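S.K.: With the input below, show me the fold.
(2 chains)
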Amino acid sequence: GAVVSQHPSRVICKSGTSVKIECRSLDFQATTMFWYRQFPKKSLMLMATSNEGSKATYEQGVEKDKFLINHASLTLSTLTVTSAHPEDSSFYICSARVTGVYTEAFFGQGTRLTVV
Amino acid sequence: AQSVTQLGSHVSVSEGALVLLRCNYSSSVPPYLFWYVQYPNQGLQLLLKYTTGATLVKGINGFEAEFKKSETSFHLTKPSAHMSDAAEYFCAVLGGATNKLIFGTGTLLAVQP
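M.R.: Presented below is the predicted three-dimensional model:
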């Protein structure tokens, strides 16, 4: 199957700093990528849909200025958590869909963000 | 709108026993349905999916699921549990107009020796 690489797998940062998480499709082109947030023992909450070459579409209640998404190429999307606070600590997961194929999404390994 | 309900947030079985994880869906259009597995601190791995055609779908690691339209169900089964099956399992439906995956709340499977 297709591979999605997410980096870093773990990051600890200080309050007030920004953190960038990368999501790469290694062997396929992904026009659309998705960013999820997962709280402990909870399901995945879709944060935003990232579209190559255009602005991301954010879900209701997700702060656009807080969670900046850039999808600059067909293989890379980034999520930047700006001015991070302890409540932003969570597990963030990206997924990518093969361009034109709507019936499957491939997931990255996730990033554990801890804000201290 | 599409939605997914997973009955049982925790399921515990003995090694070698039948695994049954329940999933019911709601969809106004013919659904595309998925089961994913998540191991601790990892992303999601696709176990199997139903799009069209045969209603009994076989996936990886010996899992299978049956799409039952009359019951709006897509339960996941495995005849004999293995210790390595212990993980979180998510059922998902593909949103018709939005093409977004909508996840259930997950079922944590524990396998006892």
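S.K.: does any bit of stretch B:16-27 sit next to chain A?
M.R.: No. Applying Cβ under 8 Å from any Cβ of the partner chain, one finds stretch B:16-27 separated from chain A by no less than 12.6 Å. (Each C-beta comes from the backbone N, C-alpha and C, glycine too.)
S.K.: Any regions of the chain where pLDDT drops low?
M.R.: No chain in the question, so chain A it is. A:1, A:102 (pLDDT under 70).
S.K.: not what I meant, chain B
M.R.: Within chain B, the stretches with pLDDT under 70 are B:96-98.
S.K.: Can you pull up the most central residue in it?
M.R.: Nearest residue to the geometric centre of chain B (Cα atoms, centre = their mean): B:Trp35, 3.5 Å.
S.K.: so where does that residue fall, helix or strand?
M.R.: In this structure, B:Trp35 sits in strand B:33-38 according to DSSP states H and E.
S.K.: on that earlier part again, would you mind measuring from the residue nearest to the centre of chain B to A:Val98?
M.R.: For B:Trp35, the distance to A:Val98 equals 19 Å [Cβ to Cβ, to the nearest Å].
S.K.: ok, now which ones touch the residue in chain A positioned nearest to chain B?
M.R.: Using Cβ to the nearest Cβ, the single residue of chain A nearest to chain B is A:Phe107, 3.8 Å away. With contact taken as Cβ atoms under 8 Å, 6 or more residues apart in numbering or on different chains, A:Phe107 is in contact with A:Val4, A:Ile93, A:Cys94, A:Ser95, B:Tyr36, B:Gly43, B:Leu44, B:Gln45.
S.K.: So which of those residues wins on neighbours?
M.R.: Using other Cβ atoms under 10 Å in any protein chain shown as the neighbour test, the contacts of A:Phe107 are led by A:Cys94, with 31 neighbours.
S.K.: what angle do the helix or strand harbouring that one and strand B:33-38 make?
M.R.: Secondary structure assignment for A:Cys94, by DSSP H and E: strand A:90-97. Strand A:90-97 runs at 140 degrees relative to strand B:33-38, counting by axes from the mean of the first three to the mean of the last three Cα atoms, to 10 degrees.
S.K.: With just CA atoms, put strand A:90-97 into PDB.
M.R.: The C-alpha trace of strand A:90-97 is given here as PDB (Å, rounded to 0.1, in the frame of the first residue of the first chain):
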ATOM      1  CA  SER A  90      -2.400  16.000  21.700                       C
ATOM      2  CA  PHE A  91      -1.800  13.300  19.100                       C
ATOM      3  CA  TYR A  92      -2.000  14.700  15.600                       C
ATOM      4  CA  ILE A  93      -2.400  12.400  12.600                       C
ATOM      5  CA  CYS A  94      -2.400  13.200   8.900                       C
ATOM      6  CA  SER A  95      -3.800  11.200   6.100                       C
ATOM      7  CA  ALA A  96      -3.500  11.400   2.300                       C
ATOM      8  CA  ARG A  97      -5.700  10.400  -0.500                       C
END
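S.K.: what's the following helix or strand after it?
M.R.: Assigned by DSSP H and E, the successor of strand A:90-97 is strand A:106-107.
S.K.: coming back round to it: the residue nearest to the centre of chain B: what's it in contact with?
M.R.: Residues near B:Trp35 by Cβ under 8 Å, 6+ apart: B:21, B:23, B:46-49, B:59, B:63, B:65, B:74, B:76, B:89-92.
S.K.: A:Thr75 too?
M.R.: By Cβ under 8 Å, 6+ apart, the contact set of A:Thr75 is A:Arg24, A:Ser25, A:Leu26, A:Gln29, A:Ala30.
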